[in-house]
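Chemist: For reference, the sequence and a predicted model appear below.
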Amino acid sequence: MIESRLAILKRFFIGFYGLINSTRIFTVNFLFLLIVAAIAFALIKSRPPVLEGKTALVINLSGQINEQRKGGLRDSLLGQAKEEESKRILLRDVLAALDNAAKDPNISNIVLMLDDFEGAGLPTLREVASALDRCKVAGKLVFAWSSHYDQRQYYLAAHATQIFMHPMGMVYLQGYGGLRNYYRSALDKLGVSANLIRVGTFKSAAEPFIADGPSAAAREAENYLYQGLWATYLEGVETARRLPTGALMAYINQSAQRLEEAHGDTAKVALAANLVDALKTTDELTKFLIEKGAKDGKGKDYRQVSFDDYLKKVTPNNASQSIGVVIAEGEIVDGDAPPGTVGGRSTAELVRQAREDDHIKAIVLRVNSPGGSVLGSELLRRELELTRSAGKPVIVSMGDVAASGGYWISMASDEVIADPATITGSIGVFALLPSVDKAINKIGIHVDGVTTTWLGNAADPRRPLDPRVRAMLQAEINHIYDNFTERVAQSRKSTSEKIDQVGQGRVWSGAQAKDRGLVDSLGGFNEAVKRAALRSKLGDDYDVVYFETESGKLASLLDDFSSSVTAILVKQFNLHVGPTGLGPWLGRDIQSDFGWLSEIGKPGKPFTVVAHCLCAAP
């Protein structure tokens, strides 16, 4: 009987082990097949499409347009799996596709699908709009469609040959500017003191931490900036749509009255104001595009090629000489940083690589940064200065934002080219140190101890800020500001006194900066590349090569692979992690306002001096 029971248990455990082993083998093989399928899919996707005549290039702008992808491949994979951020569309890809389409005989129409477009700064929008205009000059028809248009979506749509919208849509224009949070009273209630040390009457970025409203100087500067940006927007749209001057402001100012007269039909109001050309559902749009082009092989849709597929047809010139492009996008930090952030050391290393490459004859620094670390900014500026000394021209192309530290890194250049709507300037420096002594006392926490020098706890946030530390910081900030203005004066062939008058932390639009001698000319990225080619005497036979930490066909293939794997895993295993936040307005603003403070208080770094405008493209 005992042997019988042992035999039964033995057979049970053998069977159970076999089941586990079979399950393990099946799971490993299944995942392996998924990876193989993803690789095969990525390889198939990498092949350029074969086009027939009367093909429409469909550019479905789903996400934001940026200068760089953010983070590395691992970050991209995790971001997709967690749905933490929207897709980032590269500006260079959009421009390359449109410029190639302009001369492609098989592309007859360009279709902009803007429903899921999450926007970009006005300078970026103007870059894309210029490329659309080049397509129209080349004889291509450009059609835009969306179920509705916000302000950024509409700027691109305005440059189409015809604008279509869903019959239940609306065109919502609201201008620039808005409300922001001020934390002084809240911090007082919490027992937190914000110790601000700054230079510049208009260096008001940190005012929300020390006041309950903007200063008169801040209000004056912001109003002047936003009015200038809004004028650029209005002119761009009204010119593109052939609307009379003032038509858009009339549409906004009379919106309530017009909507009431139209019995709440927002689409009808937009159509009557000539902001759209026709109202069409998606099936009506398809029928229209078939008439303007040709039917596809199945006869149910129009002949088309997607933006991603069409990019595979865009190839470099394979010229023997090139212009190197280094992207400086995002916050500036001291050391190494992934794409989407400017590393003082890592981005400077990219400049050095471009300088030492014999095929690179000039460098274009594309700046889209609100600033950050003073040291990081200087490391990059110095590397650009060495590049000029080596005989290679350096041209700065300012994108959406090139302010404070973003302006600092622009000084070591032969020319600075900004868009009229670039946010630039903000020549100023500040430091902000929190003191939480009152807050911790409220909850019964007391601190004490001994140090060998007075600096041992002088900047400890658990104690009130030592006046000697404040004096030291003020002296350092004054010195950095003087150094900042001297470098700008030398670069702009001016004087420190004149630069101080347009400095003081004040932010300008590109057009306003041009009037004040802070930039050389107004234009976009293409103009900067042409100027670099002219200065290096390249003629028309050259390539544009981007220097980035992750580049080349392998990285592109891996990116496609990661996207494929993510899509398969999300579909098979429902790997969704919903976004978190404190609300669409308050939470977002608080995270933005306080996020940059993470650099303060790191080991060996009790405080940080910052050249940051704490601003973003509106």
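Modeler: All right, it came through fine. Residues are numbered from 1 along each chain as shown.

Chemist: Pull the contacting residues for residue 132.
Modeler: 98, 110, 112, 142, 156, 159, 160 (Cβ atoms under 8 Å, 6 or more residues apart in numbering). All C-beta spots, glycine's among them, are computed from the backbone N, C-alpha and C.

Chemist: Confirm it sits in a helix?
Modeler: Yes - Residue 132: assigned to a helix according to DSSP: H, G, I helix; E, B strand; the rest coil.

Chemist: can you give me the strands in the stretch 401-550 of the chain?
Modeler: 415-418, 423-425, 429-435, 507-509, 521-522, 543-547 (DSSP state E, counting those that start in this stretch).

Chemist: got the domain boundaries for this structure?
Modeler: 55-172+219-311, 173-218+318-435+494-548+584-618 (automatic domain parsing).

Chemist: Quote the end-to-end distance of the shortest one.
Modeler: To tie it back to what came earlier, the one meant is domain 55-172+219-311. 15 Å (Cα to Cα, to the nearest Å).

Chemist: likewise the last one?
Modeler: Using Cα to Cα, the end-to-end distance of domain 173-218+318-435+494-548+584-618 comes to 13 Å.

Chemist: Please apply the same query to stretch 176-193.
Modeler: 32 Å.

Chemist: Let me know the average pLDDT across that stretch.
Modeler: The average pLDDT for stretch 176-193 rounds to 88.

Chemist: Identify all contacting residues around that stretch.
Modeler: Residues from elsewhere that reach stretch 176-193, judged by Cβ under 8 Å, 6+ apart: 194, 207-214, 222-223, 226, 229-230, 233, 434-442, 464-465, 586, 589-590, 593, 618.

Chemist: Which among these count as buried?
Modeler: Burial of the contacts of stretch 176-193 was assessed by neighbour count (16 or more other Cβ atoms under 10 Å); the buried members are 194, 207-211, 214, 222, 226, 229-230, 233, 434-437, 439, 465, 589, 593, 618.

Chemist: Which members of those are positioned in strands?
Modeler: Filtering these for membership in strands, criterion DSSP state E, returns 194, 434, 435.

Chemist: If we ignore the residues flanking it in sequence, what's nearest the last one?
Modeler: Take residue 435 and drop its neighbours on the chain: the residue closest to it by Cβ to Cβ, 6 or more residues apart in numbering is residue 193, 4.1 Å away.

Chemist: got it, and the second one?
Modeler: For residue 434, ignoring the flanking residues on the chain, the nearest one in space by Cβ to Cβ, 6+ apart is residue 461 at 5.4 Å.

Chemist: How about the contacts made by that neighbour?
Modeler: 433, 434, 435, 436, 437, 601 are the contacts of residue 461 under Cβ under 8 Å, 6+ apart.

Chemist: The residue nearest to residue 524 when sequence neighbours are not counted: which element?
Modeler: Counting by Cβ to Cβ, 6+ apart, residue 524 lies nearest to residue 127, which is 4.9 Å off, once chain neighbours are set aside. Assigned by DSSP states H and E, residue 127 belongs to helix 122-137.

Chemist: hmm, back to that, so which of the contacts of residue 132 is the most crowded?
Modeler: Top of those by neighbour number is residue 156, holding 28 neighbours under the definition other Cβ atoms under 10 Å.

Chemist: How far does the host helix or strand of that residue sit from its chain's centre?
Modeler: When elements are assigned from DSSP H and E, residue 156 belongs to helix 151-157. The chain centre lies 17 Å from the centre of helix 151-157; the measure is Cα atoms, centre = their mean, to the nearest Å.

Chemist: after the helix or strand residue 164 falls within, next one along is what?
Modeler: Residue 164 belongs to strand 162-165 when assigned by DSSP H and E. For strand 162-165, the succeeding helix or strand toward the C-terminus, using DSSP H and E, is helix 184-190.

Chemist: Residue 302 contacts residue 295, doesn't it?
Modeler: Yes - between residue 302 and residue 295 there is a contact under Cβ atoms under 8 Å: 6.7 Å.
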